[in-house]
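Engineer: no FASTA, just this:
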């Protein structure tokens, strides 16, 4: 029965489910956000017309509420010249005022051949017409002023007001609007408001009819052009076109456009602001407002994906760490168990009841000695690795002859492995200063690996030493099984082993990691070049000190 590769539960379905869940949530969130944004923009298209309407009608409101009542300040003493000046200022400030008619009105007791209102004579003495022309004002006196309907209508309202007014107080806004204003489509007439003393005199004249002095009133009629109102589109992002149209105007249905409208007040009540936009124009605004929301949603999504990736990486790291620890315990146990078992067997034979020949005792003694050396070597390697990692040992440099140093290890491994083909070459390097023990450990591990990870018919190693600027380079090129490209970045990790047929009998995974730590500890480096089934080249670079 094949043993499982690891007892650690390798299950990433939760991470996958998490990613699928947040991806679906992202799509739903984006769809909902876009729908809400579209609804909000469409609602604004309907509601924000009030802002445009208020800004557009603001000059008219100012004209109606502030400029027209200025006539009262003249107390009826306007004449044709001062009325012309007033009209000129109105034309300059309000382009929608196209014509002004000024009436000089006299009020007295009832006289024959004059218009009378309840025994009160209200006479349109003269009327003047003012028009803007090329930046100047053009005025002329109108003929037959008594035939003016605007005058007769407001004179009748004024006479009724005199009859019913409370002269003990100033008139309220409702009384002012009903009496002194006459608002018709595209036309506003205004009569100046008399003082309370004048109202008392007018009532007395109305009641007694006795002749008396005549009193002046001023009446202004403003003819307006609604198409001359300046449209102030404060929301061009919503309204592509804003126009002034009659209230009865209704455009043809167009599926590619959306519409809304807002009616004007007062003298412009027959007209409205008409808002229209192409659907593409509104969609562009929806997209513009949606982008920040989408960016925030995507940022949250990226953050969640990052969290998922960190969880995955942590899980994967823990899995690898567990596997390394698991393999290390198994391999290390095997490495200890084998020598201990051999030692136990040899010891049992030595203390057995049967007599042993001299040859047998030497054989068992050799076995005990070799297995003890293996255990000692393994313990020393672990101890040295820990000391180097903790920087608890010091480098003891001394001058070594490179040729002699290499030759010593070549001879040792030729005796140990007679079938191992070992050759070396030293190029223009005589001697240098280094720690021979640490360098020897590198040599021993790399030569041992070259032998171990080579096919029986290709156990070859070529060692080349040369100087490269301020460094001395040791190259170990074998013709072994090679290292897969995906594993090259892992071989120098502690307890890491490549799964292959040569590691089935146990390997702690410390050899190359130990070499890497030694090289770094000696201010050098180690790198590898390898091709599967062709061989590997380990290159050790150390500072050259002659």
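Structural biologist: Yes, it's here. In this text, all values refer to a predicted model and were calculated from it rather than measured experimentally. Numbers count the residues shown, from 1 in each chain.
Engineer: What is the least confident helix or strand in the chain?
Structural biologist: Ranked by mean pLDDT, DSSP states H and E, the weakest helix or strand in the chain is strand 116-117, scoring a mean of 60.
Engineer: who does whichever helix in the chain runs longest touch, helix- and strand-wise?
Structural biologist: In the chain, with assignment by DSSP state H, the single longest helix is helix 279-350. Contact partners of helix 279-350 among helices and strands, from 3 or more C-beta pairs under 8 Å, 6 or more residues apart in numbering; DSSP states H and E: helix 13-47, strand 257-263, helix 358-389. Heads up, the C-betas are built off the backbone N, CA and C, glycines and all.
Engineer: give the contact list for the residue nearest to residue 304 when sequence neighbours are not counted.
Structural biologist: Using C-beta to C-beta, 6 or more residues apart in numbering and skipping the chain neighbours, the partner closest in space to residue 304 is residue 22 (4.8 Å). Contacts here follow C-beta atoms under 8 Å, 6 or more residues apart in numbering; on that basis residue 22 touches 301, 304, 305, 308.
Engineer: So for residue 22, what's the pLDDT?
Structural biologist: pLDDT for residue 22: 87.
Engineer: same check, this time on residue 198
Structural biologist: So, for residue 198, pLDDT stands at 87.
Engineer: what about it, how many neighbours?
Structural biologist: Residue 198 has 18 neighbouring residues, counting by other C-beta atoms under 10 Å.
Engineer: Could you double-check that it lies in contact with residue 205?
Structural biologist: No. Using C-beta atoms under 8 Å, residue 198 is not in contact with residue 205; the gap is 10.4 Å.
Engineer: who touches both of those two?
Structural biologist: Shared contacts of residue 198 and residue 205 (C-beta under 8 Å, 6+ apart): none.
Engineer: still on that earlier bit, pick the most buried one from the helices and strands packed on helix 279-350.
Structural biologist: The highest mean neighbour count among those, using mean count of other C-beta atoms under 10 Å, belongs to strand 257-263: a mean of 15.
Engineer: Tell me who's in contact with the residue most central in space within the chain.
Structural biologist: With distances taken as C-alpha atoms, centre = their mean, the residue of the chain nearest its centroid is residue 295 (4.3 Å). Applying C-beta under 8 Å, 6+ apart to residue 295 gives no contacts.
Engineer: That one and residue 33, how far apart?
Structural biologist: Distance of residue 295 to residue 33, computed by C-beta to C-beta, to the nearest Å: 11 Å.
Engineer: try residue 430
Structural biologist: From residue 430 to residue 33 the distance is 76 Å (C-beta to C-beta).
Engineer: likewise residue 349?
Structural biologist: The spacing between residue 349 and residue 33, counted by C-beta to C-beta, is 82 Å.
Engineer: ok so, going back, dump the helices and strands packed on helix 279-350 into a markdown table; add distance to residue 240 as well.
Structural biologist: Below are the helices and strands packed on helix 279-350 laid out as a markdown table (distance: least, C-beta to C-beta, whole Å):
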| stretch | distance to residue 240 |
| --- | --- |
| helix 13-47 | 11 |
| strand 257-263 | 9 |
| helix 358-389 | 72 |
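Engineer: Of all those, which one is nearest residue 79?
Structural biologist: Proximity to residue 79 (C-beta to C-beta) singles out strand 257-263 among the helices and strands packed on helix 279-350, at 38.5 Å.
Engineer: how big is the angle separating that closest one from helix 279-350?
Structural biologist: Note on geometry: by axes from the mean of the first three to the mean of the last three C-alpha atoms, to 10 degrees, strand 257-263 and helix 279-350 are set 120 degrees apart in direction.
Engineer: Mind jotting down where the helices sit in the chain?
Structural biologist: Counting by DSSP H, one finds helices in the chain at the ranges 13-47, 49-62, 80-93, 149-164, 173-180, 196-208, 279-350, 358-389, 402-416, 436-452, 511-521.
Engineer: Lowest average pLDDT across these?
Structural biologist: Set side by side, these give their lowest mean pLDDT on helix 358-389, at a mean of 71.
Engineer: Let me know the pLDDT of residue 263.
Structural biologist: For residue 263, the pLDDT comes out at 94.
Engineer: Isn't it up against residue 247?
Structural biologist: Yes. Counting by C-beta under 8 Å, residue 263 touches residue 247, with 6.3 Å between them.
Engineer: what is in contact with these two at once?
Structural biologist: 269, 271, 272.
Engineer: Weed out the non-buried ones from those.
Structural biologist: 271, 272 (16 or more other C-beta atoms under 10 Å).
Engineer: Strands - which of the shared contacts of residue 263 and residue 247 land there?
Structural biologist: Those of the shared contacts of residue 263 and residue 247 mapping onto strands are 271, 272, per DSSP state E.
Engineer: Let's have the shared contacts of residue 263 and residue 247 in a markdown table, adding pLDDT and distance to residue 461.
Structural biologist: Output for the shared contacts of residue 263 and residue 247, formatted as a markdown table (pLDDT from 0 to 100; distance: C-beta to C-beta, whole Å):
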| residue | pLDDT | distance to residue 461 |
| --- | --- | --- |
| 269 | 94 | 105 |
| 271 | 95 | 101 |
| 272 | 95 | 97 |
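Engineer: Between the shared contacts of residue 263 and residue 247, which sits nearest residue 96?
Structural biologist: For the shared contacts of residue 263 and residue 247, the nearest to residue 96 is residue 271 (10.9 Å; C-beta to C-beta).
Engineer: separation between residue 19 and residue 306?
Structural biologist: Distance, residue 19 to residue 306, by C-beta to C-beta: 11 Å.
Engineer: Any idea what residue 527 is bridged to?
Structural biologist: residue 539 (DSSP bridges).
Engineer: Surely it and residue 536 touch.
Structural biologist: No. Counting by C-beta under 8 Å, residue 527 stays clear of residue 536, with 10.9 Å between them.
Engineer: Comparing those two, which shows the higher neighbour count?
Structural biologist: Set residue 527 next to residue 536 and count neighbours by other C-beta under 10 Å: residue 536 wins out with 24 against 13.
Engineer: so the more buried one makes contact with residue 483?
Structural biologist: Yes. Using C-beta under 8 Å, residue 536 is in contact with residue 483, at 5.8 Å.
Engineer: Show me whatever sits in contact with both of these two.
Structural biologist: 528, 530.
Engineer: Could I get the contacting residues of residue 239?
Structural biologist: With C-beta under 8 Å, 6+ apart, residue 239 has these contacts: 45, 49, 52, 233, 275, 276, 277.
Engineer: what about the closest residue to the first one other than its chain neighbours, how many neighbours?
Structural biologist: Closest residue to residue 45 apart from its sequence neighbours, by C-beta to C-beta, 6+ apart: residue 238 at 5.2 Å. Using other C-beta under 10 Å, residue 238 has 24 neighbouring residues.
Engineer: Perfect, that will be all.
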